[in-house]
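> what's the 3D shape of this:
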Amino acid sequence: MTQVRDIMEKNVITIEHDKTVLDASNILKEKEISFLVIMQDGKPSGVVSERDIVRKITAEDKLASQVKLEEIMSKKFKWVEPDTAIEDVVQKMLNNNIRRMIILHDGNLAGVITQTNLTEFLRSKILINGTIENIETEKN
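Numbers count the residues shown, from 1 in each chain. Next comes the predicted model:
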């Protein structure tokens with residue numbers, strides 16, 4: 001059974017909780033990513049996504065350089081351990097209508113898994129299964 005650790009992204013881009021939304025937006029743009037993990041005292045304290053910025057800053061016509069991340073970040077983020085089965089992560093993401101899951105090991109940030117990671121994993125599995133079926137068909 002495949003576990004989260006097998007497909008998670010280990011190099012997670014983070015930002016400190018006391019930075020501004022503008023700081024976060026610049027990192028999102030520069031790194032071409034859609035969310036950041038917010039850190040406080042070396043531990044994850046929340047997440048912020050492009051969607052959060054659009055809904056909580058842009059749509060409310062706030063100045064991104066004057067709003068601290070801790071004011072708009074999602075503090076109740078979902079997470080799993082690295083040894084969690086992929087099927088369990090998919091179910092948790094579907095049940096909670098979320099696109100990404102933080103991976104914690106002993107309370108420390110270990111990685112992140114996204115819909116893109118899961119899609120790539122599924123595509124690989126489908127291709128491998130298709131190849132096996134073709135080989136078995138050719139043998140018969």
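> name the helices or strands packed onto the lowest-mean-pLDDT helix or strand in the chain?
Across the helices and strands of the chain, mean confidence by mean pLDDT, DSSP states H and E is lowest for helix 115-139: a mean of 81. Helix 115-139 sits against helix 86-96, with contacts defined as 3 or more Cβ pairs under 8 Å, 6 or more residues apart in numbering; DSSP states H and E. Where you see a C-beta, it was placed from the backbone N, CA and C, and this is true even at glycine.
> the inter-axis angle of the helix it packs on versus helix 115-139?
Counting by axes from the mean of the first three to the mean of the last three Cα atoms, to 10 degrees, helix 86-96 lies at 130 degrees to helix 115-139.
> Let's test this: mean pLDDT of helix 86-96, rounded?
Mean pLDDT, computed over helix 86-96, is 94.
> buried stuff in that helix?
For helix 86-96, the neighbour count (16 or more other Cβ atoms under 10 Å) marks 86, 89-90, 93 as buried.
> Identify the residue spatially nearest to the spatially most central residue of the chain, adjacent ones excluded.
Residue closest to the average C-alpha location in the chain (Cα atoms, centre = their mean): Arg100, at 3.3 Å. Once flanking residues are discounted, Arg100 sits nearest to Thr114: 4.5 Å by Cβ to Cβ, 6 or more residues apart in numbering.
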